[in-house]
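*Asks:* compute the structure for the input listed below.
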Amino acid sequence: QVQLVESGGGLVQVGDSLRLSCAASGRTFSRYAMAWFRQAPGKERDFVAAISWSGGSTYYTDSVKGRFTISRDNAKNTVHLQMNSLKPEDTAVYYCAARVTYTDVVHTTRLGYDNWGQGTQVTVSS
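*Replies:* Have a look, this model is predicted:
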């Protein structure tokens, strides 16, 4: 198990940027594939971005491609989500998730992610 704590959310204007961070506990962080999901009010929790344990592979949902960047620092047990050109439809609670992996690939579905943070609110105002 790994404990995850997100930070960096807030209220911003359309076109602004935010950088979310996820701090993980545990000594085997580098063996976890990581991802960000988001959940808007009344909607399902949806995939946003994922990164493999080495950081060599990333994947994004279509709506954020070219605007969001996921990265990780295994030495610091952290994952980041850089969000640029924010839109009102990006408003949601953003969750960091982790799953043990034995191959250096991304995982893009909720299935298998068994470690979740408490979430951080991102609100984009027009």
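
*Asks:* tell me where this protein has strands.
*Replies:* Shown for the chain, the strands assigned by DSSP state E span residues 4-7, 10-13, 18-24, 32-39, 45-51, 58-60, 68-73, 78-83, 92-100, 115-116, 120-125.

*Asks:* hmm, who's touching the last one?
*Replies:* For strand 120-125, the external contacting residues (C-beta atoms under 8 Å, 6 or more residues apart in numbering) are 6-14, 16, 18, 20, 38, 83, 86-94. C-beta coordinates here come from the backbone N, C-alpha and C atoms, glycine included.

*Asks:* just the buried subset of those residues, please.
*Replies:* Among these, the ones that count as buried by 16 or more other C-beta atoms under 10 Å are 6, 8-9, 12, 18, 20, 38, 83, 86, 90-94.

*Asks:* chain neighbours aside, what residue packs nearest to the spatially most central residue of the chain?
*Replies:* Ranked by distance to the mean C-alpha position of the chain (C-alpha atoms, centre = their mean), the top residue is Trp36 at 2.3 Å. Nearest non-adjacent residue to Trp36, counting by C-beta to C-beta, 6 or more residues apart in numbering: Val48, 4.4 Å away.

*Asks:* so what's the one you found up against?
*Replies:* 35-38, 60-61, 64, 68, 81, 94.

*Asks:* what does Tyr102 give?
*Replies:* Here Tyr102 is in contact with Arg31 (criterion: C-beta under 8 Å, 6+ apart).

*Asks:* likewise for Asp90?
*Replies:* 38, 64, 83, 122, 124.

*Asks:* that one and Ser126, how far apart?
*Replies:* Look at Asp90 and Ser126: by C-beta to C-beta, to the nearest Å, they are 11 Å apart.

*Asks:* Gly119 and Ala92 touch, don't they?
*Replies:* No - judged on C-beta atoms under 8 Å, Gly119 makes no contact with Ala92 at a distance of 9.1 Å.

*Asks:* list residues touching both of the two?
*Replies:* With C-beta under 8 Å, 6+ apart as the test, Gly119 and Ala92 both reach Gln39.

*Asks:* tell me how many other residues crowd Gln3.
*Replies:* 13 (other C-beta atoms under 10 Å).
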